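A.B. asks: coords below, sequence missing:
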């Protein structure tokens, strides 16, 4: 992996970026009067990861969603 790619991955996996990503998902759900739970957040991240580029309805990139999902997978549950 190149230095830029590693630095970008470290940046996306930082606690601040994880919080921003999860916050955007929660804000989207609240603005649409949707339920917010661990399950719903994971489902939305999964749908962002599976979406075609440019078709994501919330300002979360595929890379951001992957980093946030990886973080959630590391958390004891």
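C.D. replies: Yep, it's here. Please read these numbers as outputs of a predicted model, since none were measured by experiment. Residues are numbered from 1 along each chain as shown.
A.B. asks: tell me which strands and helices the longest helix seen in the chain is in contact with?
C.D. replies: Longest helix in the chain, counting residues (DSSP state H): helix 15-31. Under the contact criterion of 3 or more C-beta pairs under 8 Å, 6 or more residues apart in numbering; DSSP states H and E, helix 15-31 touches helix 38-50, helix 62-74. To be clear about C-beta, it is placed using only N, CA and C from the backbone, and glycine gets the same treatment.
A.B. asks: Distance check, residue 62 against residue 33.
C.D. replies: Going from residue 62 to residue 33 by C-beta to C-beta, to the nearest Å gives 26 Å.
A.B. asks: ok, the two, which is more surrounded?
C.D. replies: Legend: neighbour count by other C-beta atoms under 10 Å for residue 62 and residue 33, higher for residue 62 (15 against 6).
A.B. asks: Surely that one touches residue 46?
C.D. replies: No. Counting by C-beta atoms under 8 Å, residue 46 is not a contact partner of residue 62; they are 11.1 Å apart.
A.B. asks: picking that back up, just name the most buried of the helices and strands packed on helix 15-31.
C.D. replies: Of all the helices and strands packed on helix 15-31, helix 62-74 has the most neighbours on average by mean count of other C-beta atoms under 10 Å, namely a mean of 18.
A.B. asks: Residues contacting that helix, please?
C.D. replies: If you take C-beta atoms under 8 Å, 6 or more residues apart in numbering as the criterion, helix 62-74 is touched by 8-9, 12-13, 17-18, 20-22, 25, 38, 41-42, 45-46, 48-49, 51, 53, 56, 60.
A.B. asks: at 7 Å instead, please
C.D. replies: Residues from elsewhere that reach helix 62-74 (C-beta atoms under 7 Å, 6 or more residues apart in numbering): 12, 13, 17, 18, 21, 22, 42, 45, 48, 49, 53.
A.B. asks: Excluding residues flanking it in the chain, which one is nearest the first one?
C.D. replies: Distances taken as C-beta to C-beta, 6 or more residues apart in numbering place residue 67 nearest to residue 12, at 4.0 Å, with adjacent residues excluded.
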